[in-house]
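A.B. asks: Provided below for reference: sequence and predicted model.
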Amino acid sequence: MIRIHNGEAIRLQGTYDAEKQLFTFETDRFSTYALTYQETVIIKTYNDFHHLRLTAKAGKTSQTLSYKKVGNVDGYLIYGGKCGEEMKLLAEVSGDTTSCKVKGLKQGTNYKYQVKAYRMIDGEKVTIMTSKVIHTITDSKTYANPTEVTSKTSSLKLEEGKSKTVTFKVVLPKNKKLKEHAALLRYESSNKEIATVNSKGKVTAKTKGTSYIYAYAQNGVYRRIKVTVK
């Protein structure tokens, strides 16, 4: 609190009750008072798969990247490069853009990509979401990217403390092979407090509620199942 008396400004100490949103201070003069404060912006950041869900669709000399639109962001930064090399910034797009085509690539070559969503805060770009790095190969006679991930299970109900392994399958174009640059499948839970999943697809129920289990291939194509913990 600032007290202005006879042209002199003095800072007065006080206490703030956050629950009641009440600032209390003591003074012994009738003066002009000004309450000063600084806002603190709390930003949650995410670096998991299910928030951005970056995927790649390959051509012979191009890759089309797509990702889930995120609310309240100002733009996206697209990074990429050949596997085994450092990724570089390839493009910056607006918050309304959810795809980016990378051209001029070499046929039958592995590339990796990542997307970061940002907000402008006090004139600076602050990253609030970072996708998982995906690996994708441009089309060739021998190799191709997965086209989908399948599972015979669409939903799962478990009691607290119980576990079950869900089987997923990666589908490739006919007569094509996969050149692995990451695990065949990676797994993720949208809410680990409700249910977790390990690297083999074993789902463990933690507490009552609903979560989604994602299984995604190296180029980002995925399958998700709903898990209900009773």
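C.D. replies: Received the coordinates, thanks. Given the structure is predicted, the values throughout are model-derived calculations rather than measurements.
A.B. asks: Run a quick neighbour tally on the closest residue to A215 other than its chain neighbours.
C.D. replies: For A215, the nearest residue in space outside its immediate sequence neighbours is F168; the separation is 4.1 Å by Cβ to Cβ, 6 or more residues apart in numbering. All C-beta spots, glycine's among them, are computed from the backbone N, C-alpha and C. F168: 21 surrounding residues under other Cβ atoms under 10 Å.
A.B. asks: Now do the domain split for the protein, please.
C.D. replies: When the chain is parsed with automatic domain parsing, its domains come out as 2-34, 49-137, 148-229.
A.B. asks: May I see these arranged in CSV, with mean pLDDT as well?
C.D. replies: Compiled in CSV, the domains of the chain are given as follows (pLDDT from 0 to 100):
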stretch, mean pLDDT
domain 2-34, 81
domain 49-137, 95
domain 148-229, 96
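A.B. asks: Please tell me I have it right and T97 contacts I78.
C.D. replies: No. Between T97 and I78 there is no contact, the gap being 9.6 Å when judged by Cβ atoms under 8 Å.
A.B. asks: gap between the helix or strand in which C100 is found and the chain center?
C.D. replies: Taking DSSP states H and E as the criterion, C100 maps to strand 99-102. When C-alpha coordinates are averaged (Cα atoms, centre = their mean, to the nearest Å), strand 99-102 and its chain have centres 18 Å apart.
A.B. asks: same question, stretch 198-207
C.D. replies: On the basis of Cα atoms, centre = their mean, stretch 198-207 is displaced by 20 Å from the centre of the chain it belongs to.
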